[in-house]
Structures are given as C-alpha cells and as structure tokens.
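S.K.: coordinates only, sequence not included:
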C-alpha cells in the first residue's frame, strides 16, 4: 500500500485533503430575508405590499407583472389572481428612518436618480423591516409576525395575543375592522394549528405553518366552490320553472283566443272542400225551386 506498484491507490489516500464542513443556514436569517424582500422578484419590500394565503410578502407591482405575463411558477400556482392577495397595512422601519444622501460620494451618482434601495446599499443601511404598531418590535426573524385577514393589518403575534387576551374576536385588534364572516367562531378545523390560523395568516412561517395555511386555503376554496355550485343549481332550477310557467301561460292564452274546438268541425282540407260543394249545390236547388214552376212540379206530390 506504499505506492510500490503492487496496488492502485487513489489520490484521497496519498494526499490528505481538508474535510468540507457543512454550512448550516440560520433559519432566523432566512425568515428575516423573507420578511424584508419580495418573494417573486427578490427586491426589497416597498409599498404597496401584498400577502398571499400562505404568508409570503410581495411587492404589488412585481406580482401583478408576474400574473400578466402568465409565466408558470410552481411556487406561485396558489395565486390565481389579485383576489387571492391581501393588501397589507404595514409599518416599515424606514418610516422612522428617512433616507439621506450624506454617505453618497460627491459626483458619483446623480442623487435625483438614486433609488431608495441604492441609497440604503451605499449607506450600509438595512432593508425596510416590518414593525409591529403595538409593541414597536422589528421583524428580526425570531419574532413571528402575522397579517389579519380582511383588513390586512400587519403586527407581531405577541401584540395580537396581548390585545386579544385569549378571547375570540370578530374584529381586528388594530383597526377594529370586522373579520370576514367565514372566519368567525369556526371550530370545524381538524387540528388546532389550522383552527388557530383562521383569524390571521402567519407571515413567512416554517414548513409546518405553511402546510397548515395550505390546508386552510384548500378548505376555504372547496367551500367557496360548493357554495358557487349550489347557487348555480338554484338559479338553473329557477330559470327552468320560469320558462315552464311562461310556456304554460302562452299556451293558455292561445287556447283562450282560439276558443273551444267543435267536435263536428272539419279537421282536414278535403272535408272543408266537400262541405263547400254540398252547400253550393243546395243553394242552386233552392234558387231553381223559386224561379221555375215546372221544375218545382217535379218534386211536388199530387
């Protein structure tokens, strides 16, 4: 085994190589990046911002461009249109920290043409981060953030718990807007996680949370399809009933105008012609009786 030609030895035996260490990505860092960047374009979040039913955030113009392009993205197939998105009422960290051009080198770029993203990159400033309007906590990836269904208010889960105080609410804890009716007091969920997610959507959650939100979404869409089918069947039955009623009324009006049919009335063209000929012959005989006494004597009995 010493390289004397008696055996074949690979390079990994003759030369000691450094073992590659597996790089582990911090899950909190991944969540923070998802909370500060658009899920379709990868750009920093900028208003208007929308959220899907699985809890991902998008720049509205970016997701609208994707929908108009009709490009098939397996990760975005759950978004059928803008009706599947929630307009977010979100407070960003940049709202408290306005951008300035103090750190931009003089003459390097025209300050009028510099975007907020470029300005922050030059200054080393972090990307816009969602801020809870209740606890003033920034979304660092460790604190779960949620978006309320219906109104779209974004806040931390801790702030929601503090205001909800463990009670089932029919309104948003931030703006007091009523929640959608189908999410009030719903206890038909099979597992607690799905039932807990009914009033709000957890933003950029882990795999288990996303899967639970997917079940909620599929169940909601199945109920909507069932309700739509029932409404369509009801409308079809109503249309058939109205059509049958109108046909019966038209037939009744036709019979009323025409009058009752006589049993001895002729029913064919041939019978009508025969009756006309017989009537004409009878009329001729009557006239001849009146005009000729000789002809009438032939029918007179002595």
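M.R.: All right, it came through fine. In this text, all values refer to a predicted model and were calculated from it rather than measured experimentally.

S.K.: quick one: least confident helix or strand in this protein?
M.R.: The weakest-scoring helix or strand in the chain, judged by mean pLDDT, DSSP states H and E, is helix 192-196 (a mean of 44).

S.K.: What strands line up against the next helix or strand after that helix, and which way round?
M.R.: Next along the chain after helix 192-196, taking DSSP states H and E as the criterion, comes strand 200-202. Here strand 200-202 has these sheet partners by DSSP bridges: strand 145-148 (antiparallel).

S.K.: Quick one: mean pLDDT for the helix or strand just after the partner strand?
M.R.: Next in sequence after strand 145-148, counting helices and strands by DSSP H and E, comes strand 154-156. Along strand 154-156, the predicted confidence averages to a pLDDT of 92.

S.K.: Next, the buried residues of the next helix-or-strand element following strand 154-156.
M.R.: Scanning the chain past strand 154-156 towards its C-terminal end, the next helix or strand to appear is helix 157-164 (assignment: DSSP H and E). When burial is assessed from 16 or more other C-beta atoms under 10 Å, helix 157-164 yields the following buried residues: 158, 159, 160. The C-beta positions use only the backbone N, C-alpha and C, and glycine is treated the same way.

S.K.: For residue 151, which residues are in contact?
M.R.: Contact partners of residue 151, counting by C-beta atoms under 8 Å, 6 or more residues apart in numbering, are 89, 172, 174, 175, 177.

S.K.: Just the buried ones from those?
M.R.: With neighbours counted using 16+ other C-beta under 10 Å, the contacts of residue 151 contain these buried positions: 89, 172, 174.

S.K.: Need phi/psi at the second one.
M.R.: Recorded main-chain torsions at residue 172 are phi -70, psi 140, according to degrees, to the nearest 10.

S.K.: Can you pull out the low-pLDDT segments for the stretch 51-200 of the chain?
M.R.: Scanning the stretch 51-200 of the chain for pLDDT under 70 picks out the ranges 96-125, 166-169, 180-198.

S.K.: can you pull out the strands in it?
M.R.: Using DSSP state E, counting those that start in this stretch, the strands of the stretch 51-200 of the chain run over 57-59, 86-87, 91-92, 130-131, 145-148, 154-156, 200-202.

S.K.: Using a markdown table, lay out the ones you listed together with mean neighbour count and distance to residue 221.
M.R.: Formatted as a markdown table, the entries for the strands of the stretch 51-200 of the chain read as follows, by neighbours: other C-beta atoms under 10 Å; distance: least, C-beta to C-beta, whole Å:
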| stretch | mean neighbour count | distance to residue 221 |
| --- | --- | --- |
| strand 57-59 | 24 | 20 |
| strand 86-87 | 17 | 15 |
| strand 91-92 | 20 | 31 |
| strand 130-131 | 24 | 27 |
| strand 145-148 | 26 | 19 |
| strand 154-156 | 26 | 24 |
| strand 200-202 | 23 | 15 |
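
S.K.: Nearest approach to residue 273 belongs to which of the ones you listed?
M.R.: strand 86-87 (81.2 Å; C-beta to C-beta).

S.K.: Against residue 67, how distant is residue 127?
M.R.: When distances are taken as C-beta to C-beta, to the nearest Å, residue 127 and residue 67 turn out to be 24 Å apart.
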